[in-house]
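Undergrad: show me how the following folds:
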Amino acid sequence: MTEPGIHTHWLQQATQRLGEHWLLKALCTTVAISVFMVVYFILLRHPMFPVTLVPVTGLDRLVAFEPWSLLPYASLWFYISLVPMLLLTRELPLYLSSVTLLAVLGFGIFLLWPTTVPALDIDWRQYPSVAFLKTVDASGNACPSLHVAYAVLTALWAQRLLKRIGAPRLMRLSNGVWCVAIAYSTLATKQHLALDVLAGAVMGLAVTWPHLRLDSRLRRG
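TA: Residues are numbered from 1 along each chain as shown. The predicted structure is shown next:
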């Protein structure tokens with residue numbers, strides 16, 4: 001059982017981190033996500049090159065469409081907002097570098113190699129909430145899945161922060177489960193295929209890991 005003093009300690013640290021320039025961080029996060037979405041939808045609606053169809057794999061056939069998966073899918077936007085809110089001002093530059101690099105790489109791929117997933121024989125009118133997603137976010141910009149890439153980036157940064165403030169293992173386990181749930185939801189909503197998820201996870205890891213290693217070196221002095 002966790003001692004009350006230790007439990008309070010990590011909560012106090014989290015509260016202090018959230019309180020540091022919280023309004024500025026919230027505004028900057030909102031603006032950054034808005035700019036990201038504008039560029040994302042421009043590339044989605046106006047591909048400059050022929051669109052490639054991502055092939056279906058056996059895993060895609062195993063994962064059934066699950067309407068409930070829209071919840072973890074949509075939760076990404078809250079999930080990715082947690083890390084910048086918990087970061088101290090001096091810790092933000094490396095994080096911002098990682099999220100910016102990931103966006104540049106992803107958008108570069110979407111620009112030069114636009115992709116999409118096959119249409120499914122599903123009457124989306126039976127699932128109004130998912131139908132809205134399909135209308136707003138057409139099944140383009142498929143590979144790599146930036147949904148998964150940013151979930152992986154967030155999970156890695158969050159794991160570092162939770163360990164830094166001494167959060168209990170349950171919190172760190174919950175962080176990993178959240179990331180996996182988001183990745184699974186991209187398949188269960190049929191927004192992405194397995195190859196998209198794999199490419200997104202690899203790209204998220206490849207961008208984030210060097211930044212975390214640099215963060216460790218800088219903290220050691």
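Undergrad: pLDDT below threshold where in the protein?
TA: The model of the chain has pLDDT under 70 over residues 1-8, 137-138.
Undergrad: how about the helices of it, start to end?
TA: Using DSSP state H, the helices of the chain run over residues 4-19, 22-45, 58-62, 70-74, 76-86, 92-112, 128-136, 146-164, 169-188, 194-220.
Undergrad: can you redo those as CSV with distance to I122?
TA: Every C-beta, even on glycine, is put in place using the N, C-alpha and C of the backbone. As requested, these are arranged in CSV below (distance: least, C-beta to C-beta, whole Å):
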stretch, distance to I122
helix 4-19, 41
helix 22-45, 20
helix 58-62, 14
helix 70-74, 14
helix 76-86, 22
helix 92-112, 25
helix 128-136, 9
helix 146-164, 19
helix 169-188, 12
helix 194-220, 18
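Undergrad: deepest of the ones you listed, which one?
TA: Mean neighbour counts were compared across the helices of the chain using mean count of other C-beta atoms under 10 Å; the top stretch is helix 146-164, at a mean of 23.
Undergrad: which helices and strands sit right next to that helix?
TA: Identification of packing neighbours for helix 146-164 by 3 or more C-beta pairs under 8 Å, 6 or more residues apart in numbering; DSSP states H and E yields helix 76-86, helix 92-112, helix 169-188, helix 194-220.
Undergrad: so what touches it?
TA: Residues from elsewhere that reach helix 146-164 (C-beta atoms under 8 Å, 6 or more residues apart in numbering): 40, 73, 76, 79-80, 82-83, 86-87, 95, 98-99, 102-103, 106, 171-172, 175-176, 178-179, 182-183, 186, 191-192, 196-197, 200-201, 203-205, 207-209, 212, 215.
Undergrad: picking that back up, out of the helices and strands packed on helix 146-164, flag the one nearest L120.
TA: helix 169-188 (12.1 Å; C-beta to C-beta).
Undergrad: can you tell me what sits against that closest one?
TA: 59-60, 63-66, 69-73, 75-76, 79, 145, 147-148, 151-152, 154-155, 158-159, 162-163, 192-194, 196-197, 200-201.
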